[in-house]
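**Student:** please work out how this folds:
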Amino acid sequence: MGKTKTSKAGKDSYKSFLGNKKEGQGFADKRKKKAAYDYLKLLKKEKNSAAHSGDTDAPKHRPLDFLRSQIKSPHQGKKKHAFSVAEKIAKKKQEEKQGKKRKALQVKRDREAALKDYKDKKQKQHLKLCKRTSRGQPVMRHQMELLLDKIHRQKGGGSSSS
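**Tutor:** Just a heads-up that it's a prediction; the model follows:
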């Protein structure tokens, strides 16, 4: 009848430390950065006080190893920020998408223009073929011209137009 509580420690017992390694195993990374900030502030104060007092021998400190990543030298290549890289990738994808859209639109316009030309040609041909004489008979001249054009196209010659 009694419920047993599961301990939080038992849940992540496979971990050998708290936090994650990438972020400095918990708050160690934050402590390290704060110490680095305080150290740099102290160096700046000492440098300013030495400049005001007129000492030519300013105290020279060797930067600590863990600060090397924070102090950037001008000859080192600038590491690109993840946001700017993502922004460039997004812009590139957007440009590609717009290019595809423009290309598809151009293909659609070409297809519509070709279809319109085809329909106009068919309509003209139909109007010629359905002409009748005053007695209701078909005008044979237009049908003969159509047949003559077909023969010329099959032979490879140019189509005659009248």
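**Student:** which stretches of this protein have low pLDDT?
**Tutor:** Counting by pLDDT under 70, the chain contains low-confidence ranges at 1-29, 55-79, 157-162.
**Student:** what segments of it are helices?
**Tutor:** When assigned using DSSP state H, the helices of the chain occupy the ranges 8-11, 28-53, 82-129, 140-155.
**Student:** mean neighbour count added to those, as a markdown table?
**Tutor:** No exception for glycine: its C-beta is placed from N, CA and C like everyone else's. Written out in a markdown table, the entries for the helices of the chain read as follows (neighbours: other CB atoms under 10 Å):
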| stretch | mean neighbour count |
| --- | --- |
| helix 8-11 | 8 |
| helix 28-53 | 12 |
| helix 82-129 | 10 |
| helix 140-155 | 12 |
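**Student:** need the contact list for Gly99.
**Tutor:** Taking CB atoms under 8 Å, 6 or more residues apart in numbering as the criterion, Gly99 is in contact with no other residue.
**Student:** measure it to Lys116 for me?
**Tutor:** If you measure Gly99 against Lys116 using CB to CB, to the nearest Å, the figure is 26 Å.
**Student:** now swap in Asp110 and tell me
**Tutor:** Taken as CB to CB, the span from Asp110 to Lys116 is 11 Å.
**Student:** same deal with Arg153?
**Tutor:** 22 Å.
**Student:** do the same with Gly156
**Tutor:** Using CB to CB, one gets 28 Å for the distance from Gly156 to Lys116.
**Student:** same deal with Thr133?
**Tutor:** Separation of Thr133 from Lys116 (CB to CB) stands at 32 Å.
**Student:** now Gln94
**Tutor:** Here Gln94 is placed at a distance of 33 Å from Lys116 (CB to CB).
**Student:** before we move on, what about Val85?
**Tutor:** Val85 sits 47 Å away from Lys116 when distances are taken as CB to CB.
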